[in-house]
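# Give me the fold of what follows.
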Amino acid sequence: MRPPCGLALAAILLAGSLPVLADEAEDTFNKLYAGDLNRVAATPAPADDVALAKQMLDDAKKVGDQAAFLVLLCEKAYELAARDPSALATATTAMDLLAAKVPQKKVECLQKNAAIYQKQYAAARGDARTKAGEKVMEALGALAEAEAAAGDSEEAAATLRQAIGVATAIKSGQKEALQARLENLASQQKVEKQVETLKAKLEADPKDAAARKKLVRLCLVEMDDPAEAAKFLEETLDDAIRKYVPAAARPVEDAPEVACTELGDWYRALADQAAAPASKGAMLRRAQGYYRRFLELHTAPDLGRTAAALTLKKIEDALAKLGAASQKAASKVKVFILMGESNMLGMGELGPETKKGTLAYLTKTEKKYPFLIDDQGNWTVRKDVYYYDARMKTGGPLTPISNGKTIGPELGFGYVMGHVLDEPVLVLKSCIGNRSLGWDLLPPGSGRFTFEGRTYAGYKDTPSSWVQGEPKKEVAWYAGKQYDDDMANAKEVLKNLAQCYPDYKGQGYEVVGFVFWQGYKDTGSAAHASRYEQNLVRFIQCLRKDYNAPKAKFVLATIAHGGWKLAGPGLTVANAQLAVSDPKKHPEFVGNVKTVEARDFWREVDVSPSSEGYHLNRNAETYMEVGNALGWAMADLLKK
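Numbering: from 1, shown residues only. Coordinates of the predicted model:
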């Protein structure tokens, strides 16, 4: 039995984002787990070690931003689980969690996981050896990427060579791709050494014009880093370099129309000078981004637009010749913005596996959603779909643990988008719980209205309602404030996309869709419910205008609380949600707005982790099914 340490662990959880020092974390860890560790150390059988490792891993998943404490938990869980071949999945999951939560430990965690997979590969035979080898290649590939990102290109190259050796042994089709990565890395290493040498030359002799010119070119073309190149500009360099480098260092989204084609043509010329195919592709992608930007801004159907469209076609043809990988990387990031209240935020329970309605129970006991579980029993990761929470300022490749210990519709939706789209996908969530469309999310331009003797707030009004002629009671909020906040949070991410989305290389982005699931708070007000359809229409229109995305698709799900027993203001809200995609009522939304009926996805308390009806009993199946339905609805609209 474990000691009664619940209160101590609760204290850690309640600490939230308060930092925990290393000594304090170690003291707390020892108070919580020293007894258990001594107990399992006294027994030769590994079963109790494994049980404690799993408990520590479960505890680690509940820890917030307490990095020092999380490191102790995950590393000890790994150490205990790694002793038993049957518990290696627990060991690797602990390292995956630590790598995701504490970036500075990422390389070390991936090294440990790669070592486990290599041991499994060495012991396997026949078809099992091939499968184990594929896992090793995947692990080594991820490790090499992390090592390169950390600036250790020599270690990354050594890791890739190991992966190539495994690919050769099992005759994997991934061998060619791994070799290409190694060649690109070797080219990068060569450039890095040249840059170091040239910087040293300039430090010794700032008047060395030849060294300065070569350094700027390497930074600009071979490293695709105009911001770094801008640091070394001087009057001795030619006019074009001094003119275009500072402009290229700024985001392509900030480029004015008049500069776009100039910068695009300049980058096309740089592509012809690039030594490596990867560098040539980078220059062409930059040119592509500027020409796309021009076509977004220059909407007049004149000769200038025609010429730009033809030039863009030539750039894309050149990229196609570099291979499918270059073309995919050149594509604009497809951005989907998710908004709503607490159920969009995500309240579907992840675990435990023994509790009905959790995602772990659904996948591992009922064997649903097999695409969420890999061969080792771990959660899968969609590396082609990136998830980012604009309010919490956290993100990563989409996986069931992206949202912490609960899931929302983003999981099912994102997996569908990754399946149907070839382009990189960003699922950007910007919302918070307990918000109504009639008050908190009221869109700009909404006017006041009266209902049963009370006046209700229009956009920017406060309070939410008042009796005409009586003094208004001012509150520290206004109608539409959450709309403004959610918009500001999401736009901040898009403005700094390279910082929030690591795979972004300046190729541009496109807001192609909005996903909305909300309505429960409006059911608490007959007045707000009566205006829901009108507010929702304006909400859709305002989002498209404010994000400058007039062609973006919009999908939403009805509220589902109580399923088909929904009545009163709740039924009014659901009917309003269905109405916006009714072609007779709103022909302007045909082909670009679609409502998903979610009441079929309500699950009763007896098959759910909770009785919180307002959070759909926290049943993960409800959230998965709503997310899947929203994803396929969006896929259908994107075809039109």
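# Would you pull up how far the longest helix seen in the chain lies from the middle of the chain?
Looking across the chain with DSSP state H, the single longest helix is helix 175-204. The chain centroid and the centroid of helix 175-204 are separated by 30 Å under CA atoms, centre = their mean, to the nearest Å.
# Return the set of buried residues in that helix.
Residues of helix 175-204 classed as buried by neighbour count (16 or more other CB atoms under 10 Å): 175, 177-179, 181-182, 184-185, 187-188, 191, 195, 198, 201-202. Where C-beta positions appear, they are placed from N, C-alpha and C, glycine not excepted.
# ok, Arg435 touching Lys481?
No - using CB atoms under 8 Å, Arg435 is not in contact with Lys481; the gap is 9.5 Å.
# Between these two, which is the more surrounded one?
Using other CB atoms under 10 Å as the criterion, Arg435 and Lys481 rank with Arg435 on top: 24 against 18.
# Now do the helices in the stretch 101-250 of the chain.
Using DSSP state H, counting those that start in this stretch, the helices of the stretch 101-250 of the chain run over residues 106-123, 126-149, 153-169, 175-204, 209-217, 226-230, 239-248.
# now those helices as JSON lines including distance to Val596 and mean pLDDT?
As requested, these are arranged in JSON lines below (distance: least, CB to CB, whole Å; pLDDT from 0 to 100):
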{"stretch": "helix 106-123", "distance to Val596": "37", "mean pLDDT": "93"}
{"stretch": "helix 126-149", "distance to Val596": "34", "mean pLDDT": "88"}
{"stretch": "helix 153-169", "distance to Val596": "42", "mean pLDDT": "90"}
{"stretch": "helix 175-204", "distance to Val596": "38", "mean pLDDT": "85"}
{"stretch": "helix 209-217", "distance to Val596": "53", "mean pLDDT": "92"}
{"stretch": "helix 226-230", "distance to Val596": "43", "mean pLDDT": "93"}
{"stretch": "helix 239-248", "distance to Val596": "43", "mean pLDDT": "92"}
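# Switch these over to CSV; also include distance to Leu372.
Output for the helices of the stretch 101-250 of the chain, formatted as CSV (distance: least, CB to CB, whole Å):
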stretch, distance to Leu372
helix 106-123, 19
helix 126-149, 17
helix 153-169, 26
helix 175-204, 25
helix 209-217, 47
helix 226-230, 39
helix 239-248, 41
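# so which of those gets nearest Asp522?
helix 106-123 (42.9 Å; CB to CB).
# Residues contacting the closest one, please?
For helix 106-123, contacts defined as CB atoms under 8 Å, 6 or more residues apart in numbering pick out 74, 78, 82, 88, 91-92, 95-96, 98-99, 129, 132-133, 135-136, 139-140, 142-143, 146-147, 150, 152, 159, 166.
# can you pull the buried residues of that helix?
For helix 106-123, a neighbour-count test (16+ other CB under 10 Å) marks 106-114, 116-118, 120-121 as buried.
# before we move on, what about stretch 611-620?
615-620.
# Including distance to Glu588, secondary structure and pLDDT, could those residues go into JSON lines?
Shown next, in JSON lines, are the buried residues of stretch 611-620 (distance: CB to CB, whole Å; DSSP: H, G, I helix; E, B strand; the rest coil; pLDDT from 0 to 100):
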{"residue": "His615", "distance to Glu588": "34", "secondary structure": "helix", "pLDDT": "96"}
{"residue": "Leu616", "distance to Glu588": "31", "secondary structure": "helix", "pLDDT": "97"}
{"residue": "Asn617", "distance to Glu588": "36", "secondary structure": "helix", "pLDDT": "97"}
{"residue": "Arg618", "distance to Glu588": "37", "secondary structure": "helix", "pLDDT": "97"}
{"residue": "Asn619", "distance to Glu588": "35", "secondary structure": "coil", "pLDDT": "97"}
{"residue": "Ala620", "distance to Glu588": "36", "secondary structure": "helix", "pLDDT": "97"}
